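In: show me the folded form of this:
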Amino acid sequence: MKKNIKPVVSLLVVLFCGINSFSQTYPDDTLAVRAILDTNGLTAVPVKSVTDSSGGRITKLDLYRKSLVKMPAQVGNLNALKALFLHQNSISALPAEIANLKALDTLDLKANKISALPAQIGDLTALKWLNLESNLLSALPAQIGSLKQLTNLYLRDNAITSLPPEIGNCSNLKTLELIKNKLTALPPEIGNLKTLQWLDLDTNELAALPAQIGNCDSLLALQLTSNKFTAFPVEIKTLAKLQNLNLSLNDLTSIPADIGSLTKLFSLDVSKNNITALPTQISSLINLNNINVSFNKLTSIPAEIQHAKYLSLLNCTANKLTSIPNEIGRLKYLWYLELDTNSLTNLPDSIVRLTSLTSLDLGYNLLDTAAMTTEVKAWADKNDPDWRKTQGITVGIFTVPVVKSSDVSLHIRQSSIQLHVPVSSYIRLLVYDVKGRLAANPVTAYLKEGAHSVPFDFSRLGSGVYYLKLSAGNNSSVYKLVSIL
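Out: Okay, the predicted model is just below:
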């Protein structure tokens, strides 16, 4: 008889373990997920394939790209849920029962069709990470201010016109992204965000910042590309920790001396403005690593740039520079230097000291080889072998409005046409000779928003005077091009 006992005991142990494993998840959690799936026609999707569990409860629900159109009330039964991923669906609203998700710390709703958040969003007091990118939001509820633990808030590509003052109550917020919205102003309460490190406001309609922005003393990065600034926001001069500042694609005409107070600045981008000069106070930016001043109206670079001794990238493309300061030779870490499309006739002898260079563009200037020393010419030949081919060819940065305050910019190179289109539109570029005859039609197309490069060899037209007609929608402008080959 003893020989028959052991197999029976072993079988009982196996059965007991199997029963314990089967009851690992609460039935209510499983039924809630099943209801979400079935409501959206996903009857064949197993619950286990979209969930993770811990301690007998479902803690993660991942419904990424499942063609969801509705979030039923049963989601509120998942009160142990910590992470909910619903990105890239077609959900238009969240139920009030979402308030029951007290343990939720991650909520991803990117790329849905949500036009409004329920007030109950403020009940998610454990929430740390909230992604609402690419929805249809025009506003945030005041209850957003109840999210005291929130550290990351992503609101890119919506239609938000203003932020509620209560945003200032998100006392642990570190990242706030609002790219491609319709903001015309920020609330003064933005200054209460003492932990904020990254503020991205690219592609909005801001013309100014509130004075209180200067109180965000943990801010490391401020992105203001493609707004409506006509004056540099001096309110940021007290941001002692600021490392990255981007004000490209605005209407700035100058940079004030106050920029000298941003001594921790690592990257400065003010490209595609109308800036005519850099202040001498740039000498205070001793930690500056890269500066982009391309597509402006600079006629010179201040000698004080030498004090940015760690500078490694300097982009001065498409300005009106007639000279480069001799002090540039002291930038021993400089490896990227763009000086193309200017009016330079000579280079300083000290430029040959830039021995760290790996990228140099001297094209489309007026450099006179007779005025350059043999050493400088040899240095230029080594670092930019094609520089001689494009000297004396007059090129330009041409613009034509496509909508109010937005210009299509056209940059002519010898073998291509560079276009920047701020708003998707029908673009046409015609080239006429001096007698008014059509010589070429390089561009006739509906171009989407963004940068475009169109191959076109202007050398085939030969030397001479040409007229370029650039049209965007119903607007057009004519420019003169002198080609010397």
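In: buried ones in stretch 429-437?
Out: Buried residues in stretch 429-437, counted by 16 or more other CB atoms under 10 Å: Leu429, Leu430, Val431, Tyr432. Backbone N, C-alpha and C define where each C-beta goes, glycine included.
In: kindly apply the preceding question to stretch 248-262 instead.
Out: For stretch 248-262, using 16+ other CB under 10 Å, the buried residues are Ser248, Leu249, Asn250, Leu252, Ile255, Asp258, Ile259, Gly260, Ser261, Leu262.
In: quick check: of the residues you listed, which lies closest to Asn365?
Out: Lowest distance from Asn365 to these (CB to CB) belongs to Ser248, with 22.9 Å.
In: please, which helix or strand holds the closest one?
Out: Per DSSP states H and E, Ser248 falls between elements, in no helix or strand.
In: report the contact partners of it.
Out: Residues near Ser248 by CB atoms under 8 Å, 6 or more residues apart in numbering: Thr225, Ser226, Asp269, Val270, Ser271, Lys272, Asn273, Asn292.
In: keep only those of those residues that are in helices.
Out: Assigned to helices by DSSP state H, none of these qualify.
In: ok, which pair from those residues is furthest apart?
Out: Ser226 and Asn292 (14.3 Å).
In: quick check: next helix or strand after the helix or strand of the chain with the lowest mean pLDDT?
Out: Of all helical and strand segments in the chain, the minimum by mean pLDDT, DSSP states H and E falls on helix 2-22, at a mean of 37. Later in the chain than helix 2-22, the nearest helix or strand by DSSP H and E is helix 27-39.
In: other SSEs contacting that following helix?
Out: Counting contacts by 3 or more CB pairs under 8 Å, 6 or more residues apart in numbering; DSSP states H and E, helix 27-39 packs against strand 51-54, strand 57-62.
In: show me what the helix or strand just after the last one pairs with in its sheet, parallel or antiparallel.
Out: Per DSSP H and E, the first helix or strand lying C-terminal to strand 57-62 is strand 83-85. Sheet pairing here is set by DSSP bridges, and for strand 83-85 it gives strand 57-62 (parallel), strand 106-108 (parallel).
In: quick one: average confidence on strand 83-85?
Out: For strand 83-85, mean pLDDT is 98.
In: chain center to that strand, what's the gap?
Out: With CA atoms, centre = their mean, to the nearest Å as the basis, strand 83-85 stands 25 Å off its chain's centre.
In: what comes up buried for that strand?
Out: The neighbour-count check on strand 83-85 (16+ other CB under 10 Å) flags Ala83, Leu84, Phe85 as buried.
In: swap in stretch 131-149?
Out: Applying 16+ other CB under 10 Å to stretch 131-149 flags 131-135, 137, 139-141, 143-147, 149 as buried.
In: just to revisit the earlier point, need the winner for burial among the helices and strands packed on helix 27-39.
Out: Each of the helices and strands packed on helix 27-39 was scored by mean neighbour count; the highest is strand 57-62, a mean of 19, by mean count of other CB atoms under 10 Å.
In: so what's Leu163 up against?
Out: Here Leu163 is in contact with Leu140, Leu178, Leu183, Leu186, Pro187, Ile190 (CB under 8 Å, 6+ apart).
In: one more time with 6 Å, if that's ok
Out: Counting by CB atoms under 6 Å, 6 or more residues apart in numbering, Leu163 makes contact with Pro187.
In: for Asp386, see how far away it is.
Out: Separation of Leu163 from Asp386 (CB to CB, to the nearest Å) stands at 49 Å.
In: go on, Leu132?
Out: From Leu132 to Asp386 the distance is 47 Å (CB to CB).
In: can you flag which of the buried residues of stretch 131-149 belong to strands?
Out: Asn131 (DSSP state E).
In: of the buried residues of stretch 131-149, closest to Gln212?
Out: Nearest member of those to Gln212, counting by CB to CB, is Gly145, at 15.8 Å.
In: if we can go back for a sec, just put the helices and strands packed on helix 27-39 in a markdown table and tack on mean pLDDT.
Out: Shown next, in a markdown table, are the helices and strands packed on helix 27-39 (pLDDT from 0 to 100):
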| stretch | mean pLDDT |
| --- | --- |
| strand 51-54 | 96 |
| strand 57-62 | 97 |
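In: which one of those strands lies closest to Ile324?
Out: strand 57-62 (55.3 Å).
In: got the angle for the closest one vs helix 27-39?
Out: Angle of strand 57-62 versus helix 27-39, following axes from the mean of the first three to the mean of the last three CA atoms, to 10 degrees, is 20 degrees.
In: neighbouring contacts of strand 57-62?
Out: Tyr26, Asp29, Val50, Thr51, Asp52, Leu78, Ala80, Lys82, Ala83, Leu84, Phe85.
In: TSV please, covering those residues and showing distance to Leu357.
Out: Formatted as TSV, the contacts of strand 57-62 follow (distance: CB to CB, whole Å):
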residue	distance to Leu357
Tyr26	64
Asp29	61
Val50	53
Thr51	55
Asp52	51
Leu78	58
Ala80	58
Lys82	51
Ala83	48
Leu84	50
Phe85	46
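In: ok, so of those, who is nearest Ala451?
Out: Using CB to CB, the contacts of strand 57-62 come closest to Ala451 at Phe85, 32.3 Å.
In: how near is the closest one to Leu150?
Out: Taken as CB to CB, the span from Phe85 to Leu150 is 17 Å.
In: what about the residue nearest to Val478 when sequence neighbours are not counted, how many residues close to it?
Out: Ranked by CB to CB, 6 or more residues apart in numbering and with sequence neighbours excluded, the top spatial neighbour of Val478 is Lys469, at 5.1 Å. Neighbourhood size, Lys469 [other CB atoms under 10 Å]: 16.
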